[in-house]
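Enquirer: Need coordinates for the below:
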Amino acid sequence: MLQENKNMNVLDLFEKQKMVKVCAPMVRYSKLQFRNLVKLYDCDLTFTPMILADSFCLSEKARRNELTTNLLDTPLITQFAANSVYEFVGAAHLSSPYCNGVDLNCGCPQKWAKELELGCAMLKKPELVYDIVRQCRNRISKPFTLELCGVSFLSVHARTSNQFTGEINKNILKLIKENCNIPIIANGGLTSLEDCVLLQTETNCDGFMVANGLLTNPMLFSGSTTTSVSCIQNWLNICYNSTLNLARYENELKDPKCVVEEKPYNLTFQCFHHHLVFMLEKVLPRKEKRIFNNLKSFSDVLEFIRDYFDIRPQLYEPMQFYKNVVLDLDFFDREEVYRNLKSLESFQETNEAILYDCEDDGKYFKNKISPVEKNSECDWSNLFLEND
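Expert: Okay, the predicted model is just below:
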């Protein structure tokens, strides 16, 4: 079933649907559990967070941490940051059995990415981008999709590399769409399904990618303007069940406890709590937000949710659980493409991968903790400048 799901051709989405709705790659947050959640609410295509290709090729730990999936996690695009053929093609080959396509990030404007000549720094090297795309396409068979530079479809963040916020350039989007014979996905500043519909009318783009808006409201693509209690319930269920392996699930069936341990399998507190913070931004009153946003443990979060909403995690029925269980991905012997593309001398010199600290809260989250404690308002709207 996994092979069948991952062999899906992403381009079929554009053939069948007038509008393809896409969850953007988001640093720290477009993890498996959140991808499963938005798929419940009419999201057609999801991306992993940006993964450093060199780390992915060189480190088994990075592969285990950065790419997790299950039977419901499709179609999925894995996004890599790379500035060499061997890193990107090697990472693409490693991930190809477990996703429906790869994306070369040429848009990240963060300072650290620019210093490593990644992200938007790649826009200054079109010849290198072309070579990466060509060699990846030549080595990885269809229907595997390479999302970049007109090969299959193109996502366009309609701002310049120096713009973090503000209005997107709709005229440029329209110009790109008029001059390309491939599907175009528009990204930037979209906060509702109505925004997507309006932008499609103005630009005729084929798909629409949302980041911040989905964090606040995972139901956005279904037309809902706020996060419902049932969505919060689904988040609890997805997270709780993702922490259970088969042995623990069978024990829970006999004696359901429906609690999340403080150091659970396959789930970080950051992922669990932060997503709830964003989902409840427009739901909780001011006083309760100040309390909830600063909770520090799974037990405290679950107690708050239980007391305020009268809901708690629920154990899935067996068929649903088996579809949601995190798969054990086998990367054995798939490093060969990476090693062959990179010279032996260079490979021996590069024995340490750059590991991105995905567990760090990030400067935007840290900057918001103090204002939440001191001020009467809880404004998280600027937290994800790096994503939207």
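
Enquirer: mind checking which helix or strand Phe56 is in?
Expert: Per DSSP states H and E, Phe56 falls inside helix 53-58.

Enquirer: Give the other helices and strands that that helix contacts.
Expert: Counting by 3 or more C-beta pairs under 8 Å, 6 or more residues apart in numbering; DSSP states H and E, the packing neighbours recorded for helix 53-58 are helix 60-66, strand 76-81, helix 85-95. Any C-beta I mention is one placed from the backbone N, CA and C, and that applies to glycine too.

Enquirer: Would you mind giving the ones you listed as JSON lines with mean neighbour count and distance to Ile185 added?
Expert: What follows is the helices and strands packed on helix 53-58, written out as JSON lines (neighbours: other C-beta atoms under 10 Å; distance: least, C-beta to C-beta, whole Å):
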{"stretch": "helix 60-66", "mean neighbour count": "17", "distance to Ile185": "23"}
{"stretch": "strand 76-81", "mean neighbour count": "26", "distance to Ile185": "11"}
{"stretch": "helix 85-95", "mean neighbour count": "26", "distance to Ile185": "19"}
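
Enquirer: I'd like the ones you listed laid out as TSV, including mean pLDDT and distance to Tyr338.
Expert: Putting the helices and strands packed on helix 53-58 into TSV (pLDDT from 0 to 100; distance: least, C-beta to C-beta, whole Å) gives the following:
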stretch	mean pLDDT	distance to Tyr338
helix 60-66	92	12
strand 76-81	95	12
helix 85-95	94	3
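
Enquirer: JSON lines please, covering these and showing distance to Glu127.
Expert: Compiled in JSON lines, the helices and strands packed on helix 53-58 are given as follows (distance: least, C-beta to C-beta, whole Å):
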{"stretch": "helix 60-66", "distance to Glu127": "28"}
{"stretch": "strand 76-81", "distance to Glu127": "18"}
{"stretch": "helix 85-95", "distance to Glu127": "12"}
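
Enquirer: between these, which gets nearest to Ile168?
Expert: If you check each of these against Ile168 by C-beta to C-beta, strand 76-81 wins as the nearest, at 20.1 Å.

Enquirer: Given the closest one, what are its sheet partners and their directions?
Expert: Based on DSSP bridges, the strands next to strand 76-81 in the sheet, each with its direction, are strand 45-47 (parallel), strand 51-52 (parallel), strand 101-104 (parallel).

Enquirer: Take those strands and write them to JSON lines, including mean pLDDT and distance to Glu261.
Expert: Putting the strands paired with strand 76-81 into JSON lines (pLDDT from 0 to 100; distance: least, C-beta to C-beta, whole Å) gives the following:
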{"stretch": "strand 45-47", "mean pLDDT": "97", "distance to Glu261": "27"}
{"stretch": "strand 51-52", "mean pLDDT": "96", "distance to Glu261": "27"}
{"stretch": "strand 101-104", "mean pLDDT": "92", "distance to Glu261": "34"}
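
Enquirer: count of neighbours near Ser230?
Expert: 11 (other C-beta atoms under 10 Å).

Enquirer: can you tell me which helix or strand it belongs to?
Expert: helix 229-242.

Enquirer: just checking, what packs against that helix?
Expert: helix 32-39, helix 269-279, helix 298-309, helix 318-324.

Enquirer: Send over the first one as PDB, restricted to the C-alpha atoms.
Expert: C-alpha atoms of helix 32-39 as PDB (Å, rounded to 0.1, in the frame of the first residue of the first chain):
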ATOM      1  CA  LEU A  32       3.800  14.400  10.000                       C
ATOM      2  CA  GLN A  33       1.100  15.000  12.600                       C
ATOM      3  CA  PHE A  34       0.200  18.400  11.200                       C
ATOM      4  CA  ARG A  35       0.200  17.000   7.600                       C
ATOM      5  CA  ASN A  36      -2.300  14.300   8.700                       C
ATOM      6  CA  LEU A  37      -4.500  17.000  10.300                       C
ATOM      7  CA  VAL A  38      -4.800  19.300   7.400                       C
ATOM      8  CA  LYS A  39      -5.500  16.400   5.100                       C
END
